[in-house]
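Asker: Fold the following for me, if possible:
(chains A and B)
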Protein chains: 2
Amino acid sequence: MVEQVGIIGLGLIGGSLARRLNERGIDVTAWNHRPHPYAAACAEGIRCVDTLRELVAAGPQVLVLCNPLKAMPAILDELQPLLAAHPEITLTDVGSVKGMVREQVEQAGLGEWYVGAHPMAGNELSGWTAADPSLYDGALWAITVDANTAYERFLAVAELIVEDCGNRLIVLDDATHDRAAGLISHMPHVVATSLINELVGNRDRNIAAALAAGSWRDMTRVALTDPNRTRAMVEEDRVNVEHLLRSMAERLTAVADELRDGDADALGDFFTEGQPFRDYKAAKGQDGGELAIPEHGWRQALLESARRGEAIIGFIDEHTVRLRVHAM
Amino acid sequence: MVEQVGIIGLGLIGGSLARRLNERGIDVTAWNHRPHPYAAACAEGIRCVDTLRELVAAGPQVLVLCNPLKAMPAILDELQPLLAAHPEITLTDVGSVKGMVREQVEQAGLGEWYVGAHPMAGNELSGWTAADPSLYDGALWAITVDANTAYERFLAVAELIVEDCGNRLIVLDDATHDRAAGLISHMPHVVATSLINELVGNRDRNIAAALAAGSWRDMTRVALTDPNRTRAMVEEDRVNVEHLLRSMAERLTAVADELRDGDADALGDFFTEGQPFRDYKAAKGQDGGELAIPEHGWRQALLESARRGEAIIGFIDEHTVRLRVHAM
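Answerer: Down below sits the predicted model:
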């Protein structure tokens, strides 16, 4: 259990996290670049401070960066001398692209303090007024670690997620995280945007829009959200998104060729290829037993566990976790 | 107002239509290839008959083909001699691809009787047990006509939709309909299927599936439905889908190139290109006034009206309609 947590940034994700932790009895101190959420946050029992110095002085075991990416370099530079005096504090974040955040943290000289984290939680809203502790209900987080990550720091962030938030987690390296996030989020956002561009470029766009039903609505919903936010997310993960878009273009072209050629066998394969995912969605997660985390090679052991579809749902002791498994 | 309607096929779409019309006081006679829904349908007041001969003899003004496409040729062959003796009956259908149905109808010698129709209603279920009159709540239908369509037959189907069902409609030619349906439904189904194939083909598929959140769930929902049904729909509209898939592949490849080249201007254009659709979704439909349908050139006048984003919501007289408009 992490008893004291510091939150940097009371937007949608940080505000919701602060409220969830506070609700669950954790001592939460928060800083925001503007004080407008402070009255409401204080009324709920969240302690609000005016400077990062005061935030660090409040003695959090874990400090969570929930600020916008563009504010990251300035905040990290200000934190560096403060954390240099407090090696016991672990630094984490909630960003949706991990490689880039670690680079910024290392450039600021804070690599040793840092464990990456990414809660799979959010919606189309933003800001403190949209903050809602239930955003984290049933959420899964990815933690990212590298060869320099101390096991104790991993443990602090993992306990914050599993015990303080009551959530599940998987442990990855940054590259695996960013490839997977590119596949299930960043690339699909480009696909959704391409769909609405295809419609807008059609001379019968009003007819097509009139005929649009559930499938179109669902597949283009994310293209209706702030395109600047989507663009920033895509550019942060540009290498993976580029690769995935080329792969998708090849798949679509292959189906176009099969339709032209009347290639029934290949079309049949195309429509059955995804069956493991259909079966996965139809199944439920199950008890995955316990995992003893080895002292040496713990990162690889946890990555392999994630690859098997296992998620950590609790700690039995500092080196043994309870798992839930949901796999293809 | 159409007083008497015949329904061929009591599956999800036909059963829901029969129940909606019956609820709204229309005299509905139905035939199904197997009699299992008859007891329940009769109990609601829908007359059920054992043969298509009896169905035609019941004297419907409009006969609606709601049978599966694969049963279409046999049903049309059986209907031909029956309808030859009843030129006052108008034949329509509810298929999602219009060009192919008209070809089959013409091959059966029933082109003169026929007006195409496609209600934008449905869900992932099927069969009479899933039939639900509220499926048509607020639905928009496309009617498709060609150079041989008599105005009176268009009028009969249009009144069935607007007055009997209480729905909206737009009037198109088959080709325009099938291109638009390809854009907003058939092609996106292939895209969704490609997304799940991309995931299944990834060695970190369990990790990606674990991280998947709302955007992935919405964009792949239609790929979880019966892949055989999706495949049939795509193959029926193969020329349009092929063209649209190549266009999408080009769009995705262009973004991949822009990400590789760091082409900020082109990326900016990509993310703003769809703004007219975002604005359209944020707006509501409005009163579109009246439209006097010209005696000559009525098909083109109604197609142009649809292109302007207008839908017919009522008849003032046989040549004047009330419109609602929602346009980009």
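
Asker: export the one helix or strand A:V171 maps to as PDB, just CAs?
Answerer: Secondary structure from DSSP states H and E places A:V171 in strand A:168-172. This file holds the C-alpha atoms of strand A:168-172, laid out as PDB (Å, rounded to 0.1, in the frame of the first residue of the first chain):
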ATOM      1  CA  ARG A 168      -5.100  -4.500 -12.700                       C
ATOM      2  CA  LEU A 169      -1.700  -4.100 -14.400                       C
ATOM      3  CA  ILE A 170       0.600  -5.600 -16.900                       C
ATOM      4  CA  VAL A 171       4.400  -4.900 -17.100                       C
ATOM      5  CA  LEU A 172       6.000  -4.100 -20.400                       C
END
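
Asker: That one vs chain B: in contact?
Answerer: Yes: against chain B, strand A:168-172 shows contacts by Cβ under 8 Å from any Cβ of the partner chain at A:I170, A:L172. Placement of C-beta: from N, CA and C, glycine included.

Asker: mean confidence for that strand?
Answerer: Average pLDDT, strand A:168-172: 98.

Asker: buried set for it?
Answerer: Neighbour counts using 16 or more other Cβ atoms under 10 Å in any protein chain shown place A:R168, A:L169, A:I170, A:V171, A:L172 of strand A:168-172 among the buried residues.

Asker: Determine which two of those residues are furthest apart.
Answerer: A:R168 and A:L172 (13.5 Å; Cβ to Cβ).

Asker: ok, back up a step: ok, so of the buried residues of strand A:168-172, who is nearest chain B?
Answerer: Checking those against chain B with Cβ to the nearest Cβ, the nearest one is A:I170 at 5.8 Å.

Asker: how close does the closest residue to the closest one other than its chain neighbours sit to A:I293?
Answerer: Counting by Cβ to Cβ, 6 or more residues apart in numbering or on different chains, A:I170 lies nearest to A:A306, which is 4.0 Å off, once chain neighbours are set aside. Per Cβ to Cβ, to the nearest Å, A:A306 is found 13 Å from A:I293.

Asker: Looking at these two, which is more packed in?
Answerer: The neighbour count for A:A306 versus A:I293, taken as other Cβ atoms under 10 Å in any protein chain shown, is higher for A:A306 (24 against 21).

Asker: so how far is whichever strand or helix holds that one from its chain's centroid?
Answerer: When elements are assigned from DSSP H and E, A:A306 belongs to helix A:298-307. Its chain's C-alpha centre and that of helix A:298-307 lie 18 Å apart, by Cα atoms, centre = their mean, to the nearest Å.

Asker: Identify the residues contacting A:D173.
Answerer: When the contact criterion is Cβ atoms under 8 Å, 6 or more residues apart in numbering or on different chains, the partners of A:D173 are A:T144, A:V145, A:D146, A:R299, A:L303.

Asker: Compute the number of surrounding residues for the closest residue to A:R246 other than its chain neighbours.
Answerer: Of all residues not flanking A:R246 in the chain, B:A256 sits nearest, at 5.0 Å (Cβ to Cβ, 6+ apart). B:A256 has 22 neighbours, counted by other Cβ under 10 Å.

Asker: so where does B:A256 fall, helix or strand?
Answerer: Here B:A256 is assigned to helix B:238-261, by DSSP H and E.

Asker: which parts of that helix are buried?
Answerer: B:238, B:240-249, B:251-256, B:258-259.

Asker: cool, stretch A:67-79 as well?
Answerer: For stretch A:67-79, by 16+ other Cβ under 10 Å, it's A:N67, A:L69, A:M72, A:I75, A:L76, A:L79.

Asker: Now for the residues you listed: which two are most distant?
Answerer: A:L69 and A:L79 (15.3 Å).

Asker: Which residues are in contact with A:W141?
Answerer: A:A117, A:H118, A:P119, A:M120, A:I161, A:C165, A:N167, A:R168, A:L169, A:I170.

Asker: Can you say which two of those residues are spatially most distant?
Answerer: Longest span within the contacts of A:W141, Cβ to Cβ: A:C165 and A:I170, 14.4 Å.

Asker: Strands of the stretch 101-250 of chain A, residue ranges please.
Answerer: A:116-119, A:140-144, A:168-172 (DSSP state E, counting those that start in this stretch).

Asker: Work out which residue lies at the spatial centre of chain A.
Answerer: Chain A has A:H118 as the residue nearest its centroid, 3.0 Å off, counting by Cα atoms, centre = their mean.

Asker: Quick check: it touching A:A139?
Answerer: No: the pair A:H118 / A:A139 is not scored as a contact, 10.3 Å apart, by Cβ atoms under 8 Å.

Asker: if we can go back for a sec, from the buried residues of stretch A:67-79, which is closest to chain B?
Answerer: A:L69 (16.8 Å).

Asker: quick one, helices of the stretch 101-250 of chain A?
Answerer: A:151-159, A:174-181, A:187-200, A:205-211, A:214-220, A:227-236, A:238-261 (DSSP state H, counting those that start in this stretch).

Asker: between the ones you listed, which one is nearest to B:M1?
Answerer: Of all the helices of the stretch 101-250 of chain A, helix A:205-211 comes closest under Cβ to Cβ, at 24.4 Å.

Asker: And that closest one, what does it pack against?
Answerer: helix A:187-200, strand B:140-144, strand B:168-172, helix B:174-181, helix B:275-282, helix B:298-307 (3 or more Cβ pairs under 8 Å, 6 or more residues apart in numbering or on different chains; DSSP states H and E).
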